[in-house]
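Peer 1: Pasting a predicted model and its sequence here:
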Amino acid sequence: MKSLVFSLVALLSLSTPSLSQTVWPKPQKLLEREDVYLIDLENFHFLLTPNSPQECAVVIRAFERYRSLILEGTTTCARPVPKKKTKLLGPILRSASETLSNITISFQSCEEEYPSTSMDERYTIHVGGVEGLTNVSANTAWGVLRAIETISQLVYPVQVEDTDRNGEFKQTLAINGTFILDYPRYSYRGILIDTSRHYIPVDVMKENLDAMSYNKFNVFHWHIVDDHSFPFVSKKFPQLSEKGSYDSETHVYTPEDVQDIINYARDRGIRVLPEFDTPGHSLAWKAQEGLLTTCYNTTTGLPDGTFGPVDPTKEENYHFLYELFSEVNQVFPDSYIHLGGDEVEFDCWKSNPQITKFMETKGIETYEELESFYLNTLINNISNLNMSYLVWQEVIDNGVEIDRESTIVNVWRWYTPEWPIEMENVTEKGYKVVLSAPWYLNYIHYGPDWRAYYDSEPEGFNGTAQQKALIVGGSACMWSEYVDGSGITPRLWPRASAVAERLWSDKRVNSTDEATPRIKRVQCLMQQRGLRVEPIDGPGFCLCDHAFK
């Protein structure tokens, strides 16, 4: 940092944004001061301290990415700078404490190649102050990623007098003196995207991973297959996508695509959690002969030409699923997989005489018990793959007993007001929970519906402190029955930003009135970074509104 002196014209009050109106999600602790620093645009860099890992590729790539994002803040969607003051280009800065050319980064560990359930995202930021230093410290690379996203939000455009052109102004960037100590409230902060009902192109997936990183989400729940299509290209079972996808050439995710998405997410500190839902939601798996249950006409007693959930009576089906999940386990580095288990229709099982006979032989009296038999057999068969599991809430509702240490229950029933009761019931049974029920963002309402998402408190149910400690986090969901690649980004953002703050910030950060100016700024920031996001809270504008063609 070096001293900088501006010629003073008329004394005007310094008009800089309050940090409380800038950073999203709101940090755990934030102290702002009145000192202001100009960014030296030509020499601005992130620098590692000597005791930090010097070859941490995730951090190095993030430096390059964020340096561009920050510096482009002076040029993206910019209008010609006029000679007179204009509110569109930020305040006129008459004086600054010093210029800022480098931000020093200190962190300890780059050992994890991929983000994980135990990822440490804590960080601190010091800008200016008594020592006149600007630095970031974190324990891990993931904390560094969160810190420099915050830095990028602290920077704002200003106008300063151009001493080479008397009376004219030029646009640059500034940052306020501040101290931030920050860490997430929950370790699981997810976005679910469904790529079965409609195929979502890889570039659009990456666009949403970018938006997730700007909002400090850390789990991409990839609902990759379902009844409607099987776009995942399996090397072991290529027939699944060949016969189960909408188009085996254009509407599939090749192994290269999947690895590309995983790597792109990793560079943004985001886990990729795949979901292969069974025994229901599996009609697109039809290429695997004998996997699905044959449905019978109850009047004629003959097959009616339709199929139902996975047939739980056939040993070969469990062998097939073991082989498929072993491949999935090799492809996806995350320690968790989502096994689904929701909305299992029992009518087809009821109609099938072989299943009835199997139940009699095994002493299984109800179809809920049959579902329990299926899931436990599946989990026992794949137990040596060292995976942990998420399941939808019906699995527990139907009385299935599965291991509490390795299982997280995903509470999703959005269409009843009973999710607090479900949270109470599931945690009372000792299961860890991820909440999705109040955050089904594929449903839209006219007006600022983000406020309802923001007001949804994961701990808003009757339960002990021990029960509430079982909440791992939450996930906003974008199901794609009526959404495809053309509309998924504006449908999600910045409405999902409301969920981001609920899952990151302190529980006491809960005022929509206080959040409104900050979430509006996030909307404009994402738009400035090239994302087609929707207005969040009624009439207004962003500087980049005019730039989209």
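Peer 2: Nice, I can see it.
Peer 1: can you give me phi and psi for W412?
Peer 2: The phi/psi pair for W412 (degrees, to the nearest 10) reads phi -130, psi -10.
Peer 1: and it, what does it touch?
Peer 2: By C-beta atoms under 8 Å, 6 or more residues apart in numbering, the contact set of W412 is 342, 392-393, 436-437, 440, 477. Quick note: C-beta positions are derived from backbone N, CA and C, even for glycine.
Peer 1: do that again at 6 Å, thanks
Peer 2: 392, 436-437 (C-beta atoms under 6 Å, 6 or more residues apart in numbering).
Peer 1: Please apply the same query to E249.
Peer 2: Contacts of E249 (C-beta under 6 Å, 6+ apart): none.
Peer 1: Repeat that for S109.
Peer 2: Residues in contact with S109 (C-beta under 6 Å, 6+ apart) are T140.
Peer 1: That one bridge partners, please.
Peer 2: Taking DSSP bridges as the rule, S109 bridges to T140.
Peer 1: ok, back up a step: can you convert the contacts of W412 into CSV and add a column each for pLDDT, secondary structure and distance to Y318?
Peer 2: Formatted as CSV, the contacts of W412 follow (pLDDT from 0 to 100; DSSP: H, G, I helix; E, B strand; the rest coil; distance: C-beta to C-beta, whole Å):
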residue, pLDDT, secondary structure, distance to Y318
W392, 96, strand, 20
S436, 98, coil, 28
A437, 96, coil, 31
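Peer 1: need the helices for the stretch 351-500 of the chain, in chain order.
Peer 2: With DSSP state H, counting those that start in this stretch, the ranges of helices along the stretch 351-500 of the chain come out as 353-362, 367-381, 394-397, 419-428, 450-455, 465-468, 488-492, 495-504.
Peer 1: what's the closest of those to R122?
Peer 2: Nearest of the helices of the stretch 351-500 of the chain to R122, taken as C-beta to C-beta: helix 495-504 at 11.9 Å.
Peer 1: Now tell me what touches the closest one from outside.
Peer 2: Residues from elsewhere that reach helix 495-504 (C-beta under 6 Å, 6+ apart): 25, 184-186, 189, 215-217, 439, 441, 450, 453-454, 473-474, 476, 519, 522.
Peer 1: which parts of whichever helix or strand comes after it are buried?
Peer 2: Using DSSP states H and E, the helix or strand that follows helix 495-504 in sequence is helix 512-528. By 16 or more other C-beta atoms under 10 Å, the buried positions in helix 512-528 come out as 512, 515-516, 518-528.
Peer 1: quick one: which of the residues you listed is nearest P539?
Peer 2: P539 lies nearest to K520 out of the buried residues of helix 512-528, by C-beta to C-beta, at 11.2 Å.
Peer 1: and the closest one, what is it in contact with?
Peer 2: 536-537.
Peer 1: measure it to H445 for me?
Peer 2: Using C-beta to C-beta, to the nearest Å, K520 is found at 18 Å from H445.
Peer 1: quick one, phi/psi of the spatially closest residue to L31 that is not a sequence neighbour?
Peer 2: By the measure of C-beta to C-beta, 6 or more residues apart in numbering, the closest residue to L31 outside its immediate chain neighbours is F179, 4.5 Å from it. Dihedral angles of F179 (phi, psi; degrees, to the nearest 10) stand at phi -130, psi 130.
Peer 1: can you check the one 3 residues further on too?
Peer 2: Backbone dihedrals for D182, given as degrees, to the nearest 10, come out at phi -150, psi 150.
Peer 1: And for K286?
Peer 2: Residue torsions, per degrees, to the nearest 10, at K286 are phi -60, psi -20.
Peer 1: could you redo the buried residues of helix 512-528 as TSV and give each row pLDDT?
Peer 2: Output for the buried residues of helix 512-528, formatted as TSV (pLDDT from 0 to 100):
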residue	pLDDT
T512	97
A515	96
T516	96
R518	95
I519	96
K520	95
R521	93
V522	95
Q523	95
C524	93
L525	94
M526	95
Q527	93
Q528	91
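Peer 1: for these, which one is nearest D304?
Peer 2: Among these, M526 lies closest to D304 (C-beta to C-beta), at 49.8 Å.
Peer 1: Could you give the bridge partners of the residue nearest to L31?
Peer 2: If you apply DSSP bridges, the partners that F179 bridges to are L31, H126.
Peer 1: Tell me, how many residues neighbour it?
Peer 2: If you count neighbours by other C-beta atoms under 10 Å, F179 ends up with 16.
Peer 1: now swap in D210 and tell me
Peer 2: 21.
Peer 1: Need phi/psi at the residue of the chain positioned farthest from its centre.
Peer 2: Distance from the C-alpha centroid of the chain peaks at T300, with 49.7 Å (C-alpha atoms, centre = their mean). The phi/psi pair for T300 (degrees, to the nearest 10) reads phi -90, psi -20.
Peer 1: And for T117?
Peer 2: Note on T117: its backbone torsions stand at phi -60, psi -20 [degrees, to the nearest 10].
Peer 1: and the gap between it and Y186?
Peer 2: Taken as C-beta to C-beta, the span from T117 to Y186 is 11 Å.
Peer 1: you'd agree F325 is up against N381?
Peer 2: No: at 8.6 Å, F325 does not count as touching N381 under the criterion of C-beta atoms under 6 Å.
Peer 1: Looking at these two, which is more packed in?
Peer 2: Neighbour count, other C-beta under 10 Å: between F325 and N381, F325 has more, with 20 against 15.
Peer 1: ok and the helix or strand where that one lies relative to helix 367-381, angle-wise?
Peer 2: Using DSSP H and E, F325 maps to helix 315-331. Relative orientation of helix 315-331 versus helix 367-381 (axes from the mean of the first three to the mean of the last three C-alpha atoms, to 10 degrees): 50 degrees.
Peer 1: Quick one: residues contacting Y37.
Peer 2: Y37 makes contacts with 97-98, 100, 128, 175, as judged by C-beta under 6 Å, 6+ apart.
Peer 1: what does V411 give?
Peer 2: 393, 419, 422-423, 433, 435, 437.
Peer 1: Let me know the closest of the residues you listed to S152.
Peer 2: Using C-beta to C-beta, L435 comes nearest to S152 of the contacts of V411, at 28.9 Å.
Peer 1: Give me the pLDDT value at that closest one.
Peer 2: Note for L435: predicted pLDDT of 98.
Peer 1: cool, E275 as well?
Peer 2: At E275, the predicted lDDT confidence score is 98.
Peer 1: separation between it and S234?
Peer 2: Distance from E275 to S234, counting by C-beta to C-beta: 15 Å.
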